[in-house]
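Student: Sequence plus the predicted model coming up.
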Amino acid sequence: MIDMEPGLLEGLDEVDWAELGHAYGRAVDVPGQLTALCGPDATARESALMSLFGNIFHQGTRYSASPYAVPFLARIALAGPQSIRDGVLRLLTRLAIDWHDEYDLPRGIDIKAWRAAAAELTMDEALAWYDERIAAEPDKEKRGRLGEIRAEWAAGRLMGSRESALRSYDAVRAQLPALLPLLDDPEPAVRSAAAYLTAWFPEEAPAVLPCLLHRLRVEDSVAVRATALVAVGLLGDAALVPRLSPELDATEPLIRWAAATALARIGSTDGTAGLGPDLARAVIGELAAAAVRTPEPGIYYNEEDIPGYTGRSLLALADHDRETVIGGVADCLAGIRSRDHLDATARDALTVFFAGPAHDGRPCCTPLTELTEGQRRLLRALVKNGPWGRYGKQFEKCLTDRRLPDTRAGLRVYVGLPDDGLGGTEDEENIWG
């Protein structure tokens, strides 16, 4: 092993990893993976990083071993092998927040709600829940499996609750002061990953924002600058509008998108008082323009699904200019890569732009002539790009609740589009993949 600095893994052997757990059981393999991150073999480093992504952060779940790995990962991000440092920063970000937490964009992290939710379920309550399930389970094999999981919980090795996520989040938060200098790292990839990491700690905003604003003053990388702009928007408030609004005139489209995204977050939080009507319209116009551009790579937010982020930013400003927003959201749907993001955006758009259930004796479907051009445009986009298929049940129910056809074929007829030959039972591979 090659330590890039003395003490990089100091204390690793003092942690009782066998008494900690991760996605695949006891965390006895974590020390070797952390050690491999610091080794001379680049392939082994990448393999170790992927293994850590899979065991201490598994499909969004954090475990009892997760926070114990954080201090070592922070040291590696600061002084480990160059090729691995930005990846380690991304792992630290995932240990703080998971992909689903980003579905709350553009508003960012509601840490007060997180802490309140974590306080609602104690360990005793969790164990009591398992006891009830074990007592009610007639199948011996399933009962035994539940008993094994309960034992792991009782030992503190298997934790998938908001409380365990917060333990990991707070472990990363504790390292944030040491990691802030990475915003000035010589490597753009490290600066970008560091800016992305800082965006999720509103409690640390007083310390983080000055560092991000300094980075904006001196940064020459478009990707780093855009990442820092979005981070400023997630952490800042209306006081930063004068600093952010000139970025809407930047030459680079990605910078304009980032500035509009940051301002949309502030506007969605502070309303007209935060932006003002003229600036709100300018932000909406830039986001609507971004909806039809090819997304640029290198932005980590929203799993790098920029159209999904753009659509939700637009929806947050719907009260300012409904027709421009609905057109922009319709344009975004074609570019959203993630089914989860598409489903959330589609349902949110229907909720914002169509009235909910009413028991007034009206026909099953609202007459098409009663819809605005923007509403019709959105429905046409949903016919083509909506989350249809076996995973789209919530979306289809949302259509039903708004007196709209809840099948692709039915909606196609409703908005007057010609038959595309797919019929009424959609082939998911044809529609999605």
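Tutor: Thanks, I have it. Numbers count the residues shown, from 1 in each chain.
Student: How about the contacts made by residue 148?
Tutor: Listed by Cβ atoms under 8 Å, 6 or more residues apart in numbering, residue 148 has no contact partners. Placement of C-beta: from N, CA and C, glycine included.
Student: List the residues that contact residue 296.
Tutor: 223, 253, 254, 306.
Student: Name the weakest-confidence residue in the residues you listed, if you would.
Tutor: pLDDT is lowest at residue 306 among the contacts of residue 296; the value there is 91.
Student: What is the burial count for the residue lying closest to that residue once chain neighbours are set aside?
Tutor: In space, and not counting its chain neighbours, residue 306 is closest to residue 295: 3.9 Å by Cβ to Cβ, 6 or more residues apart in numbering. Residues near residue 295, counting by other Cβ atoms under 10 Å, number 20.
Student: hang on, residue 327 packs against residue 377?
Tutor: Yes: using Cβ atoms under 8 Å, residue 327 is in contact with residue 377, at 5.9 Å.
Student: which of those two has more neighbours?
Tutor: Under the neighbour definition other Cβ under 10 Å, residue 327 and residue 377 were set side by side, and residue 327 has more, 21 against 18.
Student: Now do the SS call for the more buried one.
Tutor: Using DSSP: H, G, I helix; E, B strand; the rest coil, the structure places residue 327 in helix.
Student: can you check the one 3 residues further on too?
Tutor: Secondary structure of residue 330, reduced to three states by three-state DSSP: helix.
Student: got the contact list for the spatially closest residue to it that is not a sequence neighbour?
Tutor: Spatial nearest neighbour of residue 330, excluding adjacent residues (Cβ to Cβ, 6+ apart): residue 381 at 3.9 Å. Residue 381 is in contact with 330, 331, 333, 334, counting by Cβ under 8 Å, 6+ apart.
Student: what's the next secondary structure element after the helix or strand hosting residue 119?
Tutor: Counting by DSSP states H and E, the element that carries residue 119 is helix 111-120. Next along the chain after helix 111-120, taking DSSP H and E as the criterion, comes helix 123-136.
Student: Give me the distance between that next one and the centre of its chain.
Tutor: Averaging C-alpha positions (Cα atoms, centre = their mean, to the nearest Å) puts helix 123-136 31 Å from its chain's average.
Student: And it, what does it pack against?
Tutor: helix 140-154 (3 or more Cβ pairs under 8 Å, 6 or more residues apart in numbering; DSSP states H and E).
Student: Now do the phi/psi pair for the residue nearest to residue 306.
Tutor: In terms of degrees, to the nearest 10, the main-chain angles of residue 295 are phi -60, psi 140.
Student: can you list the weak-confidence ranges in the stretch 101-250 of the chain?
Tutor: 101-103, 121-123, 152-162 (pLDDT under 70).
Student: show me where it has helices.
Tutor: Using DSSP state H, counting those that start in this stretch, the helices of the stretch 101-250 of the chain run over 111-120, 123-136, 140-154, 162-179, 188-198, 205-218, 222-235, 241-244.
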